[in-house]
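Enquirer: Would you be able to build a 3D model of this:
(2 chains)
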Amino acid sequence: MSVLEIKNLRAGYGDLVAVSDLSFAVQQGELFALVGANGAGKSTLLKSIVGSMSVKSGTIIFKDDDITTVADYKRIQAGISLVPEGRRLFTSLSVEENLLVGAATGRKGPWNLKSIFELLPIVEKLKDRNAGRLSGGEQQAVAIGRSLMSNPDLILLDEISLGLAPIVVEQIYAALPDIRNEGLSIILVEQDLSRTLKVADKIACLLEGHLVLEGRPSDLTHQQITDAYFGHSIASFGTSSNGANS
Amino acid sequence: MSSNIQILRSPKKAAYGSAGALLLFVALAIAPKILDQSITNEWVKLFYLVTLASMWNLLAGYAGMISVGQQAFIGLGAYGVFVFNDHGFSAYESGIIASIVVGVVAVPISFLAFRLRGGYFAIGTWVIAETLRLIIIRFPSLGSGKGRNIQNYTRDPILRNTYTYWMALGVAIFALSACFILLRSRFGLALQSIRDNEVAANSLGIKVDFTKRVVYVIGAMGCAAAGSVICIQSIGVASPNAIFGVSYSAFMIFMVLIGGIGTIEGPVMGALLYFFVDKYFSQSGLWYLVILGVIAIIATLFFPKGIWGEINARWNLSLFPVSYQVKIENNQNDSIHLSKKEK
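Expert: Predicted coordinates:
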């Protein structure tokens, strides 16, 4: 069952088209990784899904409802949550207050303070600290916990490893399967290919706003993915048997 | 063994703070019956300064909207007294009605102001205030730019002073209570998240524009109420330039920054300090401004969090706490619950 379905999406800034003719679907409980170099259109796609950017054409269907023109806050209330690039914590509030803001939608589900503390023990240790005084990795853990507090059906993770120490990134990636096992669908936007391939159920590669490769990591060769990522031999993917588009 | 998680709101501190505030309110309410009117008349100014500082603090300290145009609503509140007084309402009733009407007027103004951000928002609000002043002085019934007096007003000075005092006190208490109740609600947490990061707040489903608009309207109503008190105390408006003057915004910023931005108590402290400086040095000519400047410089260098901010940081003292605390208790009970009840 598809949680999110994107059909022929076209979005951008003014005359600049950042994503074009994009179509894919994310299934329930699936960890869908979206990779691509800088400027590939990944962040534009996420902004289109959460509604902070209006699309030029195409359709976004979430849990069988067309949300293409639905207001951003209503999409969050419907069950989409974004962990934004750069964490964007509320730096004058404590960690626990950041988590409580995450519960603003009032949606019911498995995620509450207790389950967040169990998933991310570091967050419990930091709960009384001011969010502005945390390291990058600690902030990222809090940002993920904050998003989970809204009990979403789909969580969008934008560049969660950016600027963090490898050991911290490992810990955060180790939590992703537990999040997915709660039935949550995840769209993971990343530039780190090797780490992404280890956790993703499905991977899609964006290049200059186009989806150039899509499939299960086990069905794709590392060469195919790196070629798609860097834009080499794109034409050869157009006829691949794993559903890739050119 | 499992754990219970409870969300606490410092209920004891809040209860002590509220009880102390209630006692103070009662004492202040009966003051006109005990003290000489020359004293209580001066306190009217303190009360409207507390109102103005609290409203600016709500706007800037909690919602991150740095406005230098709140004098727009002070002026509208003052002139609103004339409009409704001329239609048969008492001066005090006119002040209340004017505050409500100004709140309604603030809604369309907010759509204009919210198109701007940061410094542009600040300047934009000032421009809005100047525009409203220019509109008001076009009306002959409002004095055509020369100021005017309240027409239908009690001639008894004792009654007049007492009612004005009570109105000013009521407005100040109402403004402080509104801030406290608002900030202790979930709305307050949403507001502070918007101040810290609008994009992140939006991505968590908080209605950013709606939340800001509510605060803007409350701020407008509070400033209008203070404006009507200023008008009633002076039995009129000397000049539209004064009541719509940007100096009101400057004093609001001064009081909040000196007292402690982002706290309930800070603006009260700032208003008290400014009240006494104004009382004892306002007749000192240029020295008055020099003293204000020196206080501002000292506070910036040595108390960047303001007086109450410094007290809070050193002794963790908060009479009106609005923050949340999570308490985890280990026990034998397997039923885990997340409750918002206070302990």
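Enquirer: So which bits of stretch B:250-268 are buried?
Expert: B:251-268 (16 or more other Cβ atoms under 10 Å in any protein chain shown). For glycine as for every other residue, the C-beta is placed from the backbone atoms N, C-alpha and C.
Enquirer: right, I mislabeled it, should have said stretch A:82-98
Expert: A:82-90, A:92-98.
Enquirer: returning to that earlier point: which ones among the buried residues of stretch B:250-268 also lie next to chain A?
Expert: B:Gly262 (Cβ under 8 Å from any Cβ of the partner chain).
Enquirer: can you tell me which of the buried residues of stretch B:250-268 are in strands?
Expert: Assignment to strands by DSSP state E places none of the buried residues of stretch B:250-268 there.
Enquirer: what's the burial count for the residue nearest to B:Arg148 when sequence neighbours are not counted?
Expert: Of all residues not flanking B:Arg148 in the chain, B:Gly236 sits nearest, at 5.7 Å (Cβ to Cβ, 6 or more residues apart in numbering or on different chains). Neighbourhood size, B:Gly236 [other Cβ atoms under 10 Å in any protein chain shown]: 17.
Enquirer: residues touching B:Gly236, list them.
Expert: Taking Cβ atoms under 8 Å, 6 or more residues apart in numbering or on different chains, we find B:Gly236 in contact with B:Gly147, B:Arg148, B:Asn149, B:Ile150.
Enquirer: Was I right to think the last one contacts B:Ile230?
Expert: Put plainly, it is B:Ile150. No - counting by Cβ atoms under 8 Å, B:Ile150 does not reach B:Ile230; the two are 11.8 Å apart.
Enquirer: So for the two, which residue has more residues nearby?
Expert: Using other Cβ under 10 Å as the criterion, B:Ile150 and B:Ile230 rank with B:Ile230 on top: 24 against 18.
Enquirer: quick one: the more buried one is in a strand?
Expert: No - counting by DSSP: H, G, I helix; E, B strand; the rest coil, B:Ile230 is located in no strand; its state is helix.
Enquirer: Next one: it from B:Ala98, what distance?
Expert: Counting by Cβ to Cβ, to the nearest Å, the separation of B:Ile230 from B:Ala98 is 12 Å.
Enquirer: A:Gly231 now?
Expert: According to Cβ to Cβ, A:Gly231 stands 65 Å off from B:Ala98.
Enquirer: more neighbours, these two?
Expert: Using other Cβ under 10 Å as the criterion, A:Gly231 and B:Ala98 rank with B:Ala98 on top: 29 against 14.
Enquirer: where does the more buried one land on pLDDT?
Expert: B:Ala98 is assigned 97 on the pLDDT scale.
Enquirer: Assess the claim that it and B:Ile74 are in contact.
Expert: No - with contact defined as Cβ under 8 Å, B:Ala98 does not reach B:Ile74; the gap is 11.1 Å.
Enquirer: Need the three-state assignment for A:Ala25.
Expert: Applying three-state DSSP: A:Ala25 is strand.
Enquirer: For beta bridges, what are the partners of it?
Expert: Here A:Ala25 sits in beta bridges with A:Glu5, going by DSSP bridges.
Enquirer: burial count for it?
Expert: 16.
Enquirer: OK, contacts around it?
Expert: Here A:Ala25 is in contact with A:Ser2, A:Leu4, A:Glu5, A:Ile6 (Cβ under 8 Å, 6+ apart).
Enquirer: ok, and the closest non-adjacent residue to the first one?
Expert: So that's A:Ser2. A:Ala25 (4.4 Å).
Enquirer: same check, this time on the second one
Expert: Closest residue to A:Leu4 apart from its sequence neighbours, by Cβ to Cβ, 6+ apart: A:Val26 at 4.4 Å.
Enquirer: Could you do B:Arg138 as well?
Expert: Per Cβ to Cβ, 6+ apart, closest to B:Arg138 is B:Ser144, 7.6 Å.
Enquirer: Touching, the one you found and B:Ile137? I think so.
Expert: Yes - here B:Ser144 reaches B:Ile137: they are 6.3 Å apart, a contact under Cβ under 8 Å.
Enquirer: more neighbours, these two?
Expert: Just comparing B:Ser144 and B:Ile137: by other Cβ under 10 Å the higher neighbour count belongs to B:Ile137, 19 against 13.
Enquirer: Would you mind giving both backbone torsions of that one?
Expert: phi -70, psi 0 (degrees, to the nearest 10).
Enquirer: Quick check: it vs B:Val237, distance?
Expert: In terms of Cβ to Cβ, B:Ile137 sits 11 Å off from B:Val237.
Enquirer: Give me the common contacts of those two.
Expert: B:Gly143.
Enquirer: got the residues of the stretch 101-250 of chain B near chain A?
Expert: B:186, B:189-190, B:192-193, B:195-197, B:199-208.
Enquirer: Buried ones among those?
Expert: Using 16+ other Cβ under 10 Å, the buried ones in those are B:189-190, B:192-193, B:195-197, B:200-208.
Enquirer: Nearest to B:Lys45 among these?
Expert: Using Cβ to Cβ, B:Arg195 comes nearest to B:Lys45 of those, at 29.6 Å.
Enquirer: now for the helix or strand where the closest one lies, which elements pack on it?
Expert: Element membership for B:Arg195 (DSSP states H and E) is helix B:186-196. Contact partners of helix B:186-196 among helices and strands, from 3 or more Cβ pairs under 8 Å, 6 or more residues apart in numbering or on different chains; DSSP states H and E: helix A:95-102, helix B:157-184, helix B:198-203, helix B:208-233.
Enquirer: which residues in the chain form helices?
Expert: This is for chain A. A:42-50, A:72-78, A:95-102, A:113-119, A:121-125, A:136-148, A:166-181, A:193-199, A:222-230 (DSSP state H).
Enquirer: The chain in question should be chain B.
Expert: Going by DSSP H, chain B shows helices at B:11-34, B:37-56, B:71-86, B:91-113, B:118-136, B:157-184, B:186-196, B:198-203, B:208-233, B:240-243, B:247-259, B:265-281, B:286-302, B:306-315.
Enquirer: quick one: contacts of the first one?
Expert: Contacts of helix B:11-34 from elsewhere in the structure, counted by Cβ under 8 Å, 6+ apart, are B:39-40, B:43, B:161-162, B:165-166, B:169, B:173, B:176, B:184, B:318-321, B:342-343.
Enquirer: Filter those residues down to the buried ones.
Expert: Neighbour-count burial (16+ other Cβ under 10 Å) is assigned, among the contacts of helix B:11-34, to B:40, B:43, B:161-162, B:165-166, B:169, B:173, B:176, B:184, B:318-321.
Enquirer: Residues touching stretch B:104-113, excluding its own?
Expert: B:67, B:69, B:72-73, B:76, B:121, B:124-125, B:128, B:212-213, B:216-217, B:219-221.
Enquirer: switch the cut-off to 7 Å
Expert: Surrounding stretch B:104-113, the residues in contact under the criterion Cβ atoms under 7 Å, 6 or more residues apart in numbering or on different chains are B:Phe73, B:Leu76, B:Phe121, B:Gly124, B:Thr125, B:Ile128, B:Arg213, B:Tyr216, B:Val217, B:Ala220.
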